[in-house]
Structure formats: C-alpha cells, structure tokens
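> Have a look; sequence and predicted model below, questions after that.
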Amino acid sequence: MEKPALRIPLEDIPPEGLRLEFEEGPELLADCFPLKKPLSARVFLKKEGINVKAKGRVETRVELSCDRCLERFEMEVREEFEVEFRPVASLPLQEETRLSAEDLEVIFFEGNVIPVDELVREQVILAVPYKKLCREDCRGLCPRCGKNLNEGACGCAVHRESPFAVLKNLLKKTSQAGGR
C-alpha cells in the first residue's frame, strides 16, 4: 500500500471532504525527540470557502528526558485536534493584531497546498508538557553529589538554609549598627 502524500493540494479535497489515515516514522520529529512507536494519524479535511477545516487524532509514544533527574522515560501521546487552515493572503495588513482564542486554532498556509505533515507534527509537540517529569513525585538529583534521589538517599549532609537567611543576617547587622 502506497503512503498518501502529507501535503494535500486544495483541488484534491472533494466537496464532501477528504479522510486520511497514515503512519509516519521517526523522521517527522527527529529534531525534537525520538519516537518509540510510529506516529499514527487520522485527519479529515473539508473545504469551507477559501478555508479548510481539519479534524483528527494523532497517537504515538515519545522518549523524553526528565527535567529533574535526567532519566529517559516514555510518554504516550493521544491528542484530538480541530483547526482551521486559512490562506496567508487572508491575513489583515495591520502590523499588530490582537489574537482571539479562536485565532489560536488557525494555521496559515501559502499557495494551494495544505501541510498535513506540519499539522500532525505540531500536535505531537504541543502534547508534550513544558516541564517533562518521569513521574509526578520525581525527587531529582542531589545538588551536591548528583545522585538520582529516586534511587535512594545519597549520604550528603542535608543542608537546607532558606534563601532568605542572608536577608535575616543582614537585618541583624543593620539593627546592631544602628543601636550603637
């Protein structure tokens, strides 16, 4: 079975809409993070005047690095989306424009081709949280010796001084100098 092209010319979208189902390999997100399972996507495209509505779902598993302990872990991605493609020519010619919540679900395209590959790639990237944690209660690394604290205590003396302790000491010195 031949894989469908992921850039769809507008004239290839019939009035009743176009349904696409495909799998993509790791090359689609190679510059972001490794895929541990092929990305599968279902996308339905429907023309509405000069705009194209896209609705669908992406599924894959990505490999990430925990922001606290640096361990590698896998995350399942299952995202449903609904966006509207609009031609760049339909943009207002103002320098600054305030975006509405509706505008955030719009993708502008040039020419007469809908970039389905970019849409699918973007959905996976948006599904990955900004702060990537292997688990919610990840304890991270010891700031002294670098041991992964999820594997047990390290042996370094616990030194927990408030970052405001310096201010407290400064306040004491100031009050002592003023009381002379």
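In hand now; what should we look at?
> tell me the SS of residue 134?
The three-state label given to residue 134 by DSSP: H, G, I helix; E, B strand; the rest coil is coil.
> Quick check, it in contact with residue 69.
Yes - counting by C-beta atoms under 8 Å, residue 134 sits close enough to residue 69 to count as a contact (6.4 Å). Just so you know, the C-beta spots here come from the backbone N, C-alpha and C atoms, and that holds for glycine as well.
> Find residues that contact each of the two.
residue 150 (C-beta atoms under 8 Å, 6 or more residues apart in numbering).
> Would you map the strands across this protein?
For the chain, applying DSSP state E gives strands covering 7-9, 18-24, 35-48, 51-65, 72-87, 106-109, 113-115.
> got a markdown table for those strands, with distance to residue 140 and mean pLDDT too?
Listed next are those as a markdown table, based on distance: least, C-beta to C-beta, whole Å; pLDDT from 0 to 100:
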| stretch | distance to residue 140 | mean pLDDT |
| --- | --- | --- |
| strand 7-9 | 43 | 90 |
| strand 18-24 | 34 | 92 |
| strand 35-48 | 24 | 94 |
| strand 51-65 | 13 | 95 |
| strand 72-87 | 14 | 94 |
| strand 106-109 | 37 | 84 |
| strand 113-115 | 39 | 91 |
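> Please name whichever of those is nearest to residue 139.
strand 72-87 (14.4 Å; C-beta to C-beta).
> Direction included, what does the closest one pair against?
Note on strand 72-87: by DSSP bridges, its sheet partners are strand 51-65 (antiparallel), strand 106-109 (parallel).
> in the longest one, what counts as buried?
I take that to be strand 51-65. 52, 54, 56-60, 62, 64 (16 or more other C-beta atoms under 10 Å).
> show me what contacts the residue most central in space within the chain?
Closest to where the C-alpha atoms of the chain average out (C-alpha atoms, centre = their mean) is residue 126, at 2.9 Å. By C-beta under 8 Å, 6+ apart, residue 126 lies in contact with residue 79.
> Please shift the residue numbers so they start at 415 in all later answers.
Yes, from this point I'll number from 415; that puts the last item at residue 540.
> Need the pLDDT of it.
Note for residue 540: predicted pLDDT of 92.
> re earlier: would you mind saying which of the strands paired with strand 486-501 lies nearest residue 492?
strand 465-479 (5.1 Å).
> okay, the angle between the closest one and strand 449-462?
Here strand 465-479 points in a direction 170 degrees away from that of strand 449-462 (axes from the mean of the first three to the mean of the last three C-alpha atoms, to 10 degrees).
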